[in-house]
Structures are given as structure tokens and as C-alpha cells.
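K.L.:
Structure here, sequence nowhere to be found:
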């Protein structure tokens, strides 16, 4: 820890302001790292902050909406998540990208971007620089998709429903899915939000599967993602006891801001050497997987 470490607390407070996005927080963290500003004692809690943020986000999910959404988009999301995860792992091996980074990028592409990466990272015990690579890829592609998808949809004359399904399946983060849907139209927004909700719930089975196959040395022990069970419990609790709805809104908000803080901490632990070592291959993996996913899902939806 150096004499500038107090800046960490300033930025952490800054992360709780509503206009500070996850991408901004991650970039600030990377700048801190390049400037040599470190706070090693805080970095130890990065994983915990990620886990707490996921659990708190569960309080903001409506069980009735989840059940309703599952009736319309379950099959599409099941197929897309399975294919993207499998294709991502294969492509990662071909490009010789590190295993953990491959899993993070594949999970972020298959499910819900930064949230999926945040959920998977503690389970596979990925390094902070691996988390950063995956997050950077996702954030860049999200920004592109927000403008590119509506443009392509209009050029191809896609219906509101087709575009909504396409955006929900092929765009990473929920915020970009909602944004693209809103640009395209009201019906597209409704469909995109609903299907995206189902896609986000695949964090739970994916996390359990990864925990099962994640080994600890030669002990072959399962590192079960207990925080995922707490995430499910938060969803159930919030819907069984609706009288505390105002408190749940605060918990959900706190979860979103805690994730912003976690991304700042992750970014601050990445080094220029690490970026030079693996960054290009990570982007190639992320872009290729995203383009194939978008093209294939559009083909299936417009058949």
C-alpha cells in the first residue's frame, strides 16, 4: 500500500453516484493500476464484494415475471446458452486463450455480460486480470451493439418481436438489451426485456455446473457456489414477503452499486504486461463468439 491509497476510498464513494457506470469504474481502476496506485488490503475483498452484489440483485427480481417469462423464451435461451458456452470453450482452445478467461468470456456472451462474469469469477477462482479482460471485451461489444443492432434490424426490416428476441439472445448486458429494444420500439422493448430475464437466470445452473467441474488440486472437491443459493433465496424472500418492497428496492440498488465498486477494484489490479500478454487473443475470442452468436441466432429467428 502506498501513500496515495486513500484515493481508493474516494473512488469507492464516487462509485455510489448514480451516473457512474460499470465501464467507467473499470476504466478508473485500470488507470489506478497504470499509475501504480495500489491498496492490497482492499483487493483481498474483491471476490466477496462480487458475491454480495449478486445476492443483493436478487431482491430486485420479480418471481411472477420470471415464471411468465419462462413460458415464452425457455427453449431459445437453453439452446443459445448451451451452444455459446460450448463454442466459446472450443474457440478458446483454438486461440490458446487461458481457460478461466475463456470461461468468463463465454459465460458473459452466453448469459448476461458483466453479471455473469461476476457470478462465475469466484467459482472458478479466476485472477483479477482475467476478470478484467473478460469485462473489457463485454463492455466494448455492449457499446457497439447498442447502436449497431437497431441499425441492422431496421435495414433488414425485422419485426418488433423478432428484433426483441434477437437483442435478448445476442447482446450481453441487460442495460444494452433494454437500450437497443427501446430504440427499436415498444414491443421490441417488452420482448427483449422478458427473454433477457430468462437468459439471466441461467447464471444459476451454469454456476452449479462450473462448481461441479471445478477441482481443487487432487482432492476433486466441489467448490459449491453458496452465494448463488443466497441469490435464489433473495428472489424467493422478496416475493414471499412483499410488504418490505421499499427495502428490497434499496437492496437491489446497493447490489448494482456494489458491482460497480467491484469492477473498480478488479480494474485496479490489472497490469499493462498482462494486457499485452493476453489482451489481443481475448478480444479475438470475444468478437468472434459474439459475431457467430448474433449471426446464427438471427438466422434461426428469421427462417
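P.N.:
Ah, there it is. Because the structure is a prediction, the values reported are computed rather than measured.

K.L.:
What are the phi and psi values at residue 61?
P.N.:
When read as degrees, to the nearest 10, the backbone of residue 61 gives phi -100, psi 130.

K.L.:
tell me which element the nearest residue to it once chain neighbours are set aside is part of?
P.N.:
Excluding the flanking residues, the one nearest residue 61 by CB to CB, 6 or more residues apart in numbering is residue 235, at 5.0 Å. Backbone N, C-alpha and C define where each C-beta goes, glycine included. With secondary structure defined by DSSP states H and E, residue 235 is part of helix 226-240.

K.L.:
Residue 35 - how many residues pack around it?
P.N.:
By other CB atoms under 10 Å, 11 other residues sit near residue 35.

K.L.:
let me fix that: residue 124
P.N.:
With other CB under 10 Å as criterion, residue 124 counts 19.

K.L.:
sorry, back to before: pull the distance from the helix holding residue 235 to the chain's centre.
P.N.:
Put simply, helix 226-240 sits 19 Å off its chain's centre (CA atoms, centre = their mean, to the nearest Å).

K.L.:
got the buried residues for that helix?
P.N.:
For helix 226-240, a neighbour-count test (16 or more other CB atoms under 10 Å) marks 227-228, 230-231, 234-235, 238-239 as buried.

K.L.:
pLDDT check: weakest of those residues?
P.N.:
Note: of the buried residues of helix 226-240, the lowest pLDDT belongs to residue 228, at 68.

K.L.:
still on that earlier bit, check the gap between the residue nearest to residue 61 and residue 299 for me.
P.N.:
Residue 235 sits 34 Å away from residue 299, going by CB to CB, to the nearest Å.

K.L.:
Around residue 247, count how many other residues there are.
P.N.:
Using other CB under 10 Å, residue 247 is surrounded by 12 other residues.

K.L.:
Work out for me the element it sits within.
P.N.:
Per DSSP H and E: residue 247 is located in helix 245-267.

K.L.:
for this protein, what are the low-confidence residue spans?
P.N.:
In the predicted model, the chain carries pLDDT under 70 at residues 1-4, 40, 43, 65-74, 214-226, 228, 270-279.

K.L.:
Now for the most centrally placed residue in it: which residues touch it?
P.N.:
Centroid check for the chain by CA atoms, centre = their mean gives residue 114 as the closest residue, at 2.2 Å. By CB atoms under 8 Å, 6 or more residues apart in numbering, the residues touching residue 114 are 22, 108, 135, 138-139, 172-173, 259, 263.

K.L.:
Okay, and it sits in which element?
P.N.:
Using DSSP H and E, residue 114 maps to helix 113-124.

K.L.:
List the buried residues for the helix or strand following that helix?
P.N.:
Next helix or strand after helix 113-124 toward the C-terminus (DSSP H and E): helix 128-156. For helix 128-156, burial by neighbour count (16+ other CB under 10 Å) applies to 128-139, 141-142, 145-146, 149-150, 153.

K.L.:
Check which helices and strands helix 128-156 sits against.
P.N.:
Counting contacts by 3 or more CB pairs under 8 Å, 6 or more residues apart in numbering; DSSP states H and E, helix 128-156 packs against helix 22-34, helix 99-107, helix 113-124, helix 160-170, helix 174-184, helix 245-267, helix 272-301.

K.L.:
so can I have TSV of those helices showing distance to residue 53?
P.N.:
Below are the helices and strands packed on helix 128-156 laid out as TSV (distance: least, CB to CB, whole Å):
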stretch	distance to residue 53
helix 22-34	10
helix 99-107	16
helix 113-124	7
helix 160-170	22
helix 174-184	14
helix 245-267	4
helix 272-301	22
